[in-house]
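> No sequence on hand, only this structure:
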């Protein structure tokens, strides 16, 4: 299935793109993370949360093939 | 078909709602306007433009049953 | 230079970007709710030359949202109070003040010294004047407007993009769209919209990101919902503005700014040919007037009978007192039937004139 | 009263709403990029009492975005310069200044006088402190944060809604998230985000619209795209904060703020029981250490072997020099394995200690 991944903040710099379309078999979030860590090893050193269809998800949530957002914490003020 | 109509600015005051779901047969924009003028006669005295799926449309555009926005001009600054 | 180090350190801006900001000349029209935040952030960013046009003075009721001013500024010219405050924030830039009303006679002279125009005005006549002047001089126009709890931002006339007239071809009739002074406004709303306008100015200057050209950004402060509406450039509209210049004021502004918008006296038309009268009273209302050049279309049916109405003739609409005929004019204007007028004093003016001429 | 007439005339606000604004007490933490616009619009709106916490002084590089200050304010305490400017804008309200660092020792005392807390700080240790204190005192927290060209706004701890720890349970390790001073920021970005924070404060006070509780609003200035992400309240997280109070600083803040985040010396653990060591070197790297309490998981495999790692024991990770073990700590923290540490000096510290004790 196709999923669109959007990277926010510094994660767009780590991955070199603000969004990308991935071809992925159905997987829980943890599987996506493994996949992303291989594709973008720099992500391993970063904190982030994952949202699916604009809702934060846990590691066990199954991805159903839509919009995924990868959100790092922001420090600045 | 179902269409969702969103009213912006003072038009929400004229119609008494910021959005409503209408049941409508396929019609050009001019048909929607006639329908709306009957339902909300106050709209007849207002200037507005209509957008379908976030694109401005002309009177002749056929509505395909999605999101409609009714936009008045804003004066304030 | 330490003042701009937080811009210079960004890859997307750098010293080259900051140099572009320093070389830029931006004109801000209106130093009110929108103008104050626009000016603050453009001055802080170091725009080389900033012009401010406003003939108004600071009123106490401005201070709820016009954050450049002091309580002690009440009664002072806004451009003077604004410049004083802004030069304290950044004394290294040039700020030019224009304490005058922007009109067709001065707009070209004022605009020509600037690269980018920012519309922070509060009335349609000035908005259309700014739009048309920006088209004529081919300058990008960063537009913002607000209503109570909602705001709009877009960039007009940018690299072949649409203009305000591609969104709303003609000004609305007076009174149909109230302004902030009459109806109130959430004070922080122009802060949100004005900072977004300043952001568009900086993106245009720096050539980074995607300016909101051809996209009307609409934001609602109560729901935090936004919608971005695509606007297409209407070439005939742009061509019309270029061809006729700024004379639209005579045909549009002065009428919709007068108290009797689109109202016309019987004496100024009775001798004209090529007039189509429309009686929008109910069919049972007396007295009836029988003439070949009168269409009888009760107001509620008007939109359904548009095909009966000539687009070549001058349209004079009447009812009993002039109220329904004014509404009818508004309806026809919306259908782009622009040469239409409401008859002053309604049917009685008509009968009086007829009795004189016959 | 004429100053607030543009609010009072709105049906949604009225005199009753303006009275609520006048009775409200709001604390703004940080008088920097976010704090300046928040303060300007809250002061203009007439919030009865506003507190400002900031121990910093005005630096020239602040003036690119911190629009409350003058060039002449450089070197002055921010809270002093801010108060002077803000009282000129609105002398009818009370502004309380706190020229001090917010720490666990003063946060409760400062917070208790206010109804709503606004987070405009620039570092994680203060953000987590503010969050936990807001939970403990049960006060709504209006959060804003920025990075280069992007910003976030939300409302935490509002009517049973989530907190910052429901989004990010623990602070990131030092250095993984740089702040504005290090990396730069588009000057107008905090203007957009700060005005949106002020808007949330006003909606909460007035009880109108929908505050951004449980919704993280993300905005990108370069694209004008926004996304609103739903956040759920994590009851165990909230309960944990209420139970342990503000002592998190000892276990989180001081470590992530030190230069050796989560690094631990062999001398402080060698006598402890219930330790799980993890060797994250490659399997061929020498010398190997054979002990029952050592797991051998090369760093690239770590996330796939999480099931091997005890969540009850203290985890001590080592590699050759301490670099890969620090990365491993970060990875485990992300998996909510929080009691884990990187061994200082790596395997050589281990062998040295072993040779001493045996």
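Great, that's in hand. Source: prediction; values computed, not measured.

> Number of residues surrounding residue C:107?
Summarising burial for residue C:107: neighbours were counted as other CB atoms under 10 Å in any protein chain shown, giving 22. Yep, even glycine has a C-beta here, placed from its N, CA and C like the rest.

> give me the element residue A:12 is part of.
helix A:10-15 (DSSP states H and E).

> average pLDDT for stretch C:236-248?
Mean per-residue pLDDT for stretch C:236-248: 85.

> Could you report the separation of the residue nearest to residue C:297 when sequence neighbours are not counted from residue C:73?
Take residue C:297 and drop its neighbours on the chain: the residue closest to it by CB to CB, 6 or more residues apart in numbering or on different chains is residue C:305, 4.9 Å away. To residue C:73, residue C:305 is 55 Å away according to CB to CB, to the nearest Å.

> Which of those two has more residues huddled nearby?
A direct count of neighbours by other CB under 10 Å for residue C:305 and residue C:73 places residue C:73 higher, at 23 against 13.

> where are the low-confidence patches of chain A?
A:65 (pLDDT under 70).

> check which helix or strand covers the residue most central in space within it.
Centroid-nearest residue in chain A, with CA atoms, centre = their mean: residue A:70, separated by 4.0 Å. Residue A:70 belongs to strand A:67-71 when assigned by DSSP H and E.

> Ok, residue C:18 next?
Residue C:18 belongs to helix C:14-23, assigned by DSSP H and E.

> mind checking how far the helix or strand just after that helix is from the chain centre?
Using DSSP H and E, the helix or strand that follows helix C:14-23 in sequence is strand C:25-29. Put simply, strand C:25-29 sits 16 Å off its chain's centre (CA atoms, centre = their mean, to the nearest Å).

> Which residues outside strand C:25-29 are in contact with it?
With CB atoms under 8 Å, 6 or more residues apart in numbering or on different chains as the test, strand C:25-29 has contacts from C:35, C:38-39, C:42, C:47-54, C:102, C:110-111, C:113-121, C:126, C:130, C:201, C:205.

> Apply the buried test to those residues and list what passes.
With burial judged by 16 or more other CB atoms under 10 Å in any protein chain shown, the buried subset of the contacts of strand C:25-29 is C:35, C:38-39, C:42, C:47-54, C:102, C:110-111, C:114-121, C:126, C:130, C:201, C:205.

> Near chain B, list only the ones from these.
C:35, C:119, C:120, C:121 (CB under 8 Å from any CB of the partner chain).

> Identify the farthest-apart pair in these.
Based on CB to CB, the longest span within these runs between C:35 and C:119 and measures 9.6 Å.

> Overlap in contacts, these two.
Contacts common to residue C:35 and residue C:119, judged by CB under 8 Å, 6+ apart, are B:77, C:29.

> Which positions in the stretch 101-250 of chain C make contact with chain B?
Residues of the stretch 101-250 of chain C lying near chain B (CB under 8 Å from any CB): C:119-124, C:127, C:144-148, C:150-152, C:167-168, C:172-173, C:176-180, C:185, C:190, C:216, C:218, C:227-232.

> hmm, I was thinking of the stretch 251-358 of chain C
C:303, C:304, C:327, C:330, C:331, C:333, C:334.

> packing partners for the strand holding residue A:70?
strand A:2-7, strand A:49-52, strand D:215-220, strand D:225-230 (3 or more CB pairs under 8 Å, 6 or more residues apart in numbering or on different chains; DSSP states H and E).

> and the third one, does that touch chain A?
What that stands for is strand D:215-220. Yes: where contact is defined by CB under 8 Å from any CB, part of strand D:215-220 touches chain A, namely D:216, D:218.

> coming back round to it: is any part of the helix holding residue A:12 close to chain C?
No: using CB under 8 Å from any CB, helix A:10-15 never reaches chain C; the gap is at least 9.1 Å.

> neighbouring contacts of that helix?
Against helix A:10-15 from outside (CB under 8 Å, 6+ apart): A:7, A:18, A:39-40, A:42-43, A:46, A:48, A:70-72, D:147-148, D:177-178.

> In that helix, which residues are buried?
A:10, A:11, A:12, A:14, A:15.

> which among those residues gets closest to chain B?
residue A:12 (24.6 Å; CB to the nearest CB).

> Looking at chain A, what residue ends up closest to chain C?
Counting by CB to the nearest CB, chain A gets nearest chain C through residue A:13, at 9.1 Å.

> ok, longest helix in chain C?
The longest helix of chain C (DSSP state H) is helix C:189-206.

> and it, does that touch chain A?
No: contact between helix C:189-206 and chain A is absent, the nearest approach being 15.6 Å (criterion: CB under 8 Å from any CB).

> hmm, that helix touching chain D?
Yes: residues of helix C:189-206 contacting chain D under CB under 8 Å from any CB: C:189, C:191, C:192, C:195, C:196, C:198, C:199, C:202, C:203.

> Then stretch A:45-62?
Yes: Stretch A:45-62 reaches chain D (CB under 8 Å from any CB) through A:45, A:46, A:47, A:48, A:49, A:51, A:54, A:55, A:56, A:59.

> For residue C:237, state which of these is nearest.
residue A:54 (37.7 Å).

> Could you give the number of residues near the closest residue to the closest one other than its chain neighbours?
Leaving aside its sequence neighbours, residue A:54 sits nearest to residue D:229 (CB to CB, 6+ apart; 5.4 Å). Neighbour count for residue D:229, taken as other CB under 10 Å: 23.

> Stretch A:27-42: which residues count as buried?
Under 16+ other CB under 10 Å, the buried positions of stretch A:27-42 are A:29, A:30, A:32, A:33, A:36, A:37, A:40.

> So what touches that stretch?
Outside of stretch A:27-42, the residues within contact range by CB under 8 Å, 6+ apart are A:3, A:5, A:14-16, A:22, A:24, A:43-44, A:50, A:52, A:57-63, A:68, A:70, D:303-304.

> Weed out the non-buried ones from those residues.
Buried positions within those, assessed by neighbour count (16+ other CB under 10 Å), are A:3, A:5, A:14-15, A:24, A:43-44, A:50, A:52, A:57, A:63, A:68, A:70, D:303.

> residues in contact with residue A:68?
By CB under 8 Å, 6+ apart, the neighbours of residue A:68 are A:3, A:4, A:5, A:6, A:32, A:50, A:51, A:52.

> Let me know the helix or strand that the residue nearest to residue C:294 when sequence neighbours are not counted is in.
Spatial nearest neighbour of residue C:294, chain neighbours left out: residue C:277 (4.4 Å); criterion: CB to CB, 6+ apart. Counting by DSSP H and E, the element that carries residue C:277 is strand C:275-279.

> Show me what that strand is packed against.
strand C:294-296, strand C:314-318.

> re earlier: distance of the residue of chain A closest to chain C from residue B:70?
From residue A:13 to residue B:70 the distance is 41 Å (CB to CB).

> what's the answer for residue C:37, then?
28 Å.

> Residue C:138 now?
Distance from residue C:138 to residue B:70, by CB to CB: 32 Å.

> For residue A:51, grab the count of nearby residues.
Residue A:51: 22 neighbours (other CB under 10 Å).

> again with residue C:13
25.

> Could you list which residues are in contact with residue A:72?
A:8, A:9, A:10, A:11, A:46, A:47, A:48, D:147, D:177.

> With residue A:51 instead?
Contacts of residue A:51 (CB under 8 Å, 6+ apart): A:57, A:68, A:69, A:71, D:229, D:230.

> Who does it form a beta bridge with?
residue A:56, residue A:69 (DSSP bridges).

> Nearest residue to the residue of chain A positioned farthest from its centre in space, please, no chain neighbours.
Going by CA atoms, centre = their mean, the residue of chain A most distant from its centre is residue A:77, 24.5 Å out. Spatial nearest neighbour of residue A:77, chain neighbours left out: residue D:122 (4.0 Å); criterion: CB to CB, 6+ apart.

> how many other residues sit next to the closest residue to residue C:59 other than its chain neighbours?
Nearest non-adjacent residue to residue C:59, counting by CB to CB, 6+ apart: residue C:74, 6.8 Å away. Applying other CB under 10 Å, we find 17 residues neighbouring residue C:74.

> Appreciated, that's everything.
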